[in-house]
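**Student:** Sequence and predicted structure are below.
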Protein chains: 4
Amino acid sequence: MRNSIGNIFRLTGFGESHGVAIGGVIDGMPAGVKIDLGRVQEELNRRRPGQSAIVTARNEHDNVKILSGLFEGITTGTPIGFVIENTNQHSGDYSNIKDAFRPSHADYTYTAKYGVRDYRGGGRSSARETAVRVVAGAFARQALEQYGVEIYAYTSQVGNIALDKDYRKYDKDGIENNTVRCPDAVKAQEMIRLIEEVKAAGDTVGGVITCVIKGVPVGIGEPVFDKLHARLGAAMLGINAVKGFEYGLGFDFAEKRGSEVADAFCCENGKITTLTNNSGGIQGGISNGEDIYFRVAFKPVATLLRDVDTIDTEGNDIVLRAKGRHDPCVLPRAVPIVEAMAAIVILDNILINKTVKL
Amino acid sequence: MRNSIGNIFRLTGFGESHGVAIGGVIDGMPAGVKIDLGRVQEELNRRRPGQSAIVTARNEHDNVKILSGLFEGITTGTPIGFVIENTNQHSGDYSNIKDAFRPSHADYTYTAKYGVRDYRGGGRSSARETAVRVVAGAFARQALEQYGVEIYAYTSQVGNIALDKDYRKYDKDGIENNTVRCPDAVKAQEMIRLIEEVKAAGDTVGGVITCVIKGVPVGIGEPVFDKLHARLGAAMLGINAVKGFEYGLGFDFAEKRGSEVADAFCCENGKITTLTNNSGGIQGGISNGEDIYFRVAFKPVATLLRDVDTIDTEGNDIVLRAKGRHDPCVLPRAVPIVEAMAAIVILDNILINKTVKL
Amino acid sequence: MRNSIGNIFRLTGFGESHGVAIGGVIDGMPAGVKIDLGRVQEELNRRRPGQSAIVTARNEHDNVKILSGLFEGITTGTPIGFVIENTNQHSGDYSNIKDAFRPSHADYTYTAKYGVRDYRGGGRSSARETAVRVVAGAFARQALEQYGVEIYAYTSQVGNIALDKDYRKYDKDGIENNTVRCPDAVKAQEMIRLIEEVKAAGDTVGGVITCVIKGVPVGIGEPVFDKLHARLGAAMLGINAVKGFEYGLGFDFAEKRGSEVADAFCCENGKITTLTNNSGGIQGGISNGEDIYFRVAFKPVATLLRDVDTIDTEGNDIVLRAKGRHDPCVLPRAVPIVEAMAAIVILDNILINKTVKL
Amino acid sequence: MRNSIGNIFRLTGFGESHGVAIGGVIDGMPAGVKIDLGRVQEELNRRRPGQSAIVTARNEHDNVKILSGLFEGITTGTPIGFVIENTNQHSGDYSNIKDAFRPSHADYTYTAKYGVRDYRGGGRSSARETAVRVVAGAFARQALEQYGVEIYAYTSQVGNIALDKDYRKYDKDGIENNTVRCPDAVKAQEMIRLIEEVKAAGDTVGGVITCVIKGVPVGIGEPVFDKLHARLGAAMLGINAVKGFEYGLGFDFAEKRGSEVADAFCCENGKITTLTNNSGGIQGGISNGEDIYFRVAFKPVATLLRDVDTIDTEGNDIVLRAKGRHDPCVLPRAVPIVEAMAAIVILDNILINKTVKL
């Protein structure tokens, strides 16, 4: 529990925003997989701060250093230890929050729970720890490619600007063409403009990320309590700022009749597929071979770059103005995190599924 | 993994719809708790089939038999073994689906995964197994009362009939006043009427359940991967037919600005609270002492009592007409299941939280 | 933790000696295995009380009832729930220990830990719960046969009567020829005579069981913390009355030189074997294809059928004379338990090993 | 499983002998514990190579670097990440074993299991990874001191030189007075002389370590499968070269009568103790407040500094002469490892025990 995720393919993470380093251990990485470390670093670069004008200015290169588990570029089946040093901390920026509880932040709950907290940059509650997930996800992804699994995510809503079509209508190759990671070039510009406006106002804005997983073999996922979508949901809800998860038609199912949304089977050349995919590629908690797709809702970042009324740790009213460098909108940087968590869950479940028969 | 949930307070379930019995083992039930078995049975009765005109007619009394872990009415800290016999099976009703894959059901995925399936009544994929969860939830709930935790859920949407107000506006005492378990008496009648219509048409309909948890102490929940809402989300997504989960403002956060939704702190008589509770009682994955509330989306039941085009296990096109007894809408019976899963998660996390300090 | 063992093939047990029933859930039983329930019952019969003159007279038939997970005699991959009713309890025999702490028993520690205990027949601390292990072991064994794994154990020491030769010198077919389960017919008679003497004196005696596992494929076992022998050791040490575990040469290694005990490799027809097997079939925590063998030390049963000085729960000195029916020596009945635990561990590790490569 | 140990207090380790670094993550370290890092380093120094004439000459300082989880010297409840760099590798020493399987080593089993191995210095199977355990143990120990728990171990046998008395007869303060860590000064010199002889002959020798744990509160340990001694046994058996574990009278119980070894209770001033402690401080898997003591058997190190007949990875006969630097006897350096593993298990179980009651 706590700082580990996965059963067979299991990531254990550590690290505070302004500590010496963040890092983790990947246990259960299958042996014999050739790893391209350049691609691991590329995934980190997609998440890193300072990558564009619409994300935090904390300019950290987030170079990952692999300490174990690889020999001559091949995984050995032993745990992958890795670290990412914290190099661009401005811990002084946080001295004014030392004794304050920022609204909608974890300052208060961490203090109440542990009796002590590393207030610098949010400590362990900072989204900085998600870099560790991206590393693990990048390893998982390279293993998944051998199964033909492909995972991509994109920003489908920022504030009131939302894509109105189904994921099938968008070209995934367009996602990385803009800084907000939206496959619709026009909407992308509107989203970027909105984020700039919000940023200029010292405010922040929420949004939705859509994720698609193609090529998952039939039969992946472990009922009853560990249904594939329950694992995916938990992984997504564990990402900072996430407030909702739905897969397939999700909440839209609520107003549907069974006759409208049943995914009829068909069989062509011995291959069973469904004519529609309202289910989102999972039935009874087990993949059915169709695309898995889901949506993840993010709240606006809690840190505002303006005066905020709050209380100090003694309960006195104070006015707080955040310093530090913050994202006006987490969505652009959260896209690779969503993909990473999806990769971790899918690989873990593919490995577990190997144990279902003798 | 698989058929267990929880870390310290852990339920392991077993049983198929038409097997000898369903049941489970509750490990980690704290010692010294006086258990009212009558109340355990009452929770089961709220979930049981045949309870009203708008649920399945399978008339099973679902009497739970406790086999261990209680001595003179008190929990002993040893595991609670329990069984619920399957008494009202009409397995013959299922002979026609033996070789068929019903659309949007788990027939195909189970067969693909395990190579064999107990087709009678859906076997393990049947929602019958949720009775086991209700038993565990009823034990958890009685432990939670000692902490002052209160949990209730209600049907907030059926098809296009939705409650339009916040949970604070509804009187929880009204929930059990109608068969659909909706606290708004007028909307409840509309929902019931809709379900009757849908049933008459051999169709089914989806909906949303809202759940509220009051009195959770500050500090419950384990970051990073096991945030309290991630645990709750996984528990809900593990319930049959659930397709979405959101807490606090959930997906509505997507279009909000940070300045609109920050939950300002205030401190009265040394007690820290928040003026609003958009966060849904959890910040950074840890409870902050405010109400926890969340919404769970259910798809319409997949089994339609009408002719359905599908395929058989050989891939041939067939027309299937389900026999058996089925719910036109799972919401009324799912209310106690949602509550049970919430109780399991909260008690487990309260127990884990005891280990955070020496 | 606690009442579960195994990671993929996982048994969760429940039940007190004098409760309604004992039982368990086997999760992770591979799908598609044909199960001979008669053989499951036979294993239970080898463990059951009342089977001979040298074991407890509690005459219980220990009929196991399978509740789920089997369909038409084949495992379905869903959990196997099962119960064994408690039918021959003489709970009245225990009224005099209600307020007493028996020496070297768990009465005191259970009371101190949980604040409450079911004193009847030792409650949860009774070796009665080991019947549950035998059921799970019998399922595991039938799966293991498909891998060619064979497991047998025998009594190699009772009191000061010990077999002085290596397991290779004894014919396993002789084990079941006598009630003490010793393959040396002469020593067996001496052991039986010793147990009868001890029993007549109202006393008890300890011993050692040797277990041999043949046919485990190379590569089974998970370093670092879960070395195969660490898992086997934990499984054996979890059996009631066990006080020691050693594998290969075990404690005899302490006085050896490396040059004396190295297991030289040889290779015949492409098959790698070792000329000696001091290692006990495991190197670096991983099976090497040779026989796995280990020894398990049992203390004498704590319950004496004579007057014993002890204290009551208030700390007052009392004299206690146990009633009830007890084993003068647990070894004969522990042989199938040791085998069962070995089977559980080996199957679990064979399944885990499937996840080591893509 | 695999590279993690503990449930609540959980260590996950990584690292190969000749990789960049070894290290680990301690999750579940209680918050608010003041840590003396100097004492953590001291424990490592007791384990480090090159510390005396009777251990390996690999001269590595094993400086631990803490990366997270401490703030101003206090644990924050977040995971402790740490690394120890590998600085004194002579990987060239191992080029001749690249294609060889050393007898009684893990070379063959790792290769068979994973298909690939980092042969340098034994890779992951090297005892180098135990440094990571010592770090976690040092943290656990500082937490345990707040409960008054004290742990010490010592070498009680090397080859045929064995202490013949009970642990109570030896002064623990004498343990660190000699390089073999034996509290009997005379026997210590004999042991050292033996190790020197063995070393001079290019040979190695086995032995036994005795460990004593004082001050464990009554009630620690989780029956059924996770009995305290089963956890301790598994932890010890997971240490490299360990082949046996016994606690209390251990294997000596085999020849005892129940009447000889029952630990009679007595009660003085309301405190319940036992007159003897044959049980080794644990009854029914739960601590009873008496001293816990156990013995751990080590085989002689497999690497001999002389010509050895073996095979290469193709199965051809070869003669191998190990280069590298190796311990002629692991006992002196294993003493702090045994203590560390004991500390990890005891703290984990003390934390788990907090969850047994509301």
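**Tutor:** Done, it's in. Numbers count the residues shown, from 1 in each chain, chains lettered A, B, ... in the order given.

**Student:** And the closest residue to A:Asp36 other than its chain neighbours, what's its pLDDT?
**Tutor:** Closest residue to A:Asp36 apart from its sequence neighbours, by CB to CB, 6 or more residues apart in numbering or on different chains: A:Gln142 at 6.7 Å. Backbone N, C-alpha and C define where each C-beta goes, glycine included. On pLDDT, A:Gln142 comes in at 98.

**Student:** cool, the one 10 residues further on as well?
**Tutor:** A:Tyr152 is assigned a pLDDT of 98 by the prediction.

**Student:** Return the residues in contact with the residue nearest to A:Asp36.
**Tutor:** Contact partners of A:Gln142, counting by CB atoms under 8 Å, 6 or more residues apart in numbering or on different chains, are A:Val33, A:Lys34, A:Ile35, A:Asp36, A:Arg39.

**Student:** would you turn these into JSON lines with secondary structure and pLDDT?
**Tutor:** Listed next are the contacts of A:Gln142 as JSON lines, based on DSSP: H, G, I helix; E, B strand; the rest coil; pLDDT from 0 to 100:
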{"residue": "A:Val33", "secondary structure": "coil", "pLDDT": "98"}
{"residue": "A:Lys34", "secondary structure": "strand", "pLDDT": "98"}
{"residue": "A:Ile35", "secondary structure": "coil", "pLDDT": "98"}
{"residue": "A:Asp36", "secondary structure": "coil", "pLDDT": "98"}
{"residue": "A:Arg39", "secondary structure": "helix", "pLDDT": "97"}
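
**Student:** ok, and the most crowded of those residues?
**Tutor:** In terms of neighbours by other CB atoms under 10 Å in any protein chain shown, those top out with A:Val33 at 21 neighbours.

**Student:** How much space separates that one from C:Arg102?
**Tutor:** Counting by CB to CB, to the nearest Å, the gap from A:Val33 to C:Arg102 is 56 Å.

**Student:** A:Leu347 belongs to a helix?
**Tutor:** Yes - assigned with DSSP: H, G, I helix; E, B strand; the rest coil, A:Leu347 falls within a helix.

**Student:** does the nearest residue in space to it that is not next to it in sequence count as helix, strand or coil?
**Tutor:** In this structure, A:Leu347 finds its nearest non-sequential neighbour in A:Ala140, 4.1 Å apart by CB to CB, 6+ apart. What three-state DSSP gives for A:Ala140 is helix.

**Student:** OK, contacts around A:Ala140?
**Tutor:** Counting by CB under 8 Å, 6+ apart, A:Ala140 has contacts A:Phe9, A:Ala340, A:Ala343, A:Ile344, A:Ile346, A:Leu347, A:Asp348.

**Student:** How much space separates the last one from chain C?
**Tutor:** Think A:Asp348. The gap separating A:Asp348 from chain C is 9 Å, by CB to the nearest CB, to the nearest Å.

**Student:** Surely that residue touches A:Ser4?
**Tutor:** No - with contact defined as CB atoms under 8 Å, A:Asp348 and A:Ser4 do not form a contacting pair (11.4 Å).

**Student:** So for those two, which sits in the more crowded spot?
**Tutor:** Set side by side, A:Asp348 and A:Ser4 show more neighbours around A:Asp348, with 26 against 22, by other CB under 10 Å.

**Student:** which residues does that one contact?
**Tutor:** Counting by CB under 8 Å, 6+ apart, A:Asp348 has contacts A:Gly6, A:Asn7, A:Ile8, A:Phe9, A:Arg10, A:Gly28, A:Ala140, A:Arg231.

**Student:** Excluding chain neighbours, what is closest to the first one?
**Tutor:** Ranked by CB to CB, 6+ apart and with sequence neighbours excluded, the top spatial neighbour of A:Gly6 is A:Asp348, at 4.3 Å.

**Student:** Next one, pLDDT for the one you found please.
**Tutor:** Value for A:Asp348, per-residue pLDDT: 98.

**Student:** low pLDDT regions in the stretch 201-350 of chain A?
**Tutor:** A:324 (pLDDT under 70).

**Student:** ranges for the strands of it?
**Tutor:** A:207-214, A:242-247, A:265-268, A:271-274, A:282-283, A:286-287, A:292-298, A:307-312, A:317-321 (DSSP state E, counting those that start in this stretch).

**Student:** Centre of the chain to the first one, how far?
**Tutor:** In terms of CA atoms, centre = their mean, to the nearest Å, the centre of strand A:207-214 is set 10 Å apart from its chain centre.

**Student:** contact partners of it?
**Tutor:** So strand A:207-214 is in contact with A:149-159, A:162-163, A:167, A:172, A:191, A:281, A:291-298, A:329, A:331, A:334-335, A:338-339, A:342, A:346, B:251, B:254, going by CB under 8 Å, 6+ apart.

**Student:** quick revisit: most surrounded residue in the contacts of A:Asp348?
**Tutor:** A:Ala140 (30 neighbours).

**Student:** Look up how far chain C lies from that residue.
**Tutor:** 11 Å.

**Student:** Which residues of the stretch 1-150 of chain A lie near chain C?
**Tutor:** Contact residues (CB under 8 Å from any CB of the partner chain) of the stretch 1-150 of chain A with chain C: A:Ile8, A:Gly28, A:Pro30, A:Ala31, A:Gly32, A:Val33, A:Gly77, A:Ala143, A:Gln146, A:Tyr147.

**Student:** what about 7 Å?
**Tutor:** A:Ile8, A:Gly28, A:Pro30, A:Ala31, A:Gly32, A:Val33, A:Gly77, A:Ala143, A:Gln146 (CB under 7 Å from any CB of the partner chain).

**Student:** Distance to C:Asp309 added to these, as a markdown table?
**Tutor:** Output for the residues of the stretch 1-150 of chain A next to chain C, formatted as a markdown table (distance: CB to CB, whole Å):
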| residue | distance to C:Asp309 |
| --- | --- |
| A:Ile8 | 53 |
| A:Gly28 | 54 |
| A:Pro30 | 60 |
| A:Ala31 | 59 |
| A:Gly32 | 64 |
| A:Val33 | 65 |
| A:Gly77 | 57 |
| A:Ala143 | 64 |
| A:Gln146 | 69 |
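
**Student:** Give me the subset of these lying in helices.
**Tutor:** A:Ala143 (DSSP state H).

**Student:** List just the nearest of the residues of the stretch 1-150 of chain A next to chain C to chain B.
**Tutor:** Nearest to chain B out of the residues of the stretch 1-150 of chain A next to chain C is A:Ile8 (CB to the nearest CB; 8.9 Å).

**Student:** Quick one: residues contacting that closest one.
**Tutor:** Counting by CB atoms under 7 Å, 6 or more residues apart in numbering or on different chains, A:Ile8 makes contact with A:Gly28, A:Asp348, A:Leu351, A:Ile352, C:Thr355.

**Student:** For A:Ile292, see how far away the residue in the stretch 101-250 of chain A that chain C sits nearest to is.
**Tutor:** Nearest residue of the stretch 101-250 of chain A to chain C, counting by CB to the nearest CB: A:Gln146, 5.4 Å away. Per CB to CB, A:Gln146 is found 18 Å from A:Ile292.

**Student:** Pick out whichever of the two has more residues nearby.
**Tutor:** A:Ile292 (29 against 12).

**Student:** Show me what that one is bridged to.
**Tutor:** According to DSSP bridges, A:Ile213 are recorded as the beta-bridge partners of A:Ile292.
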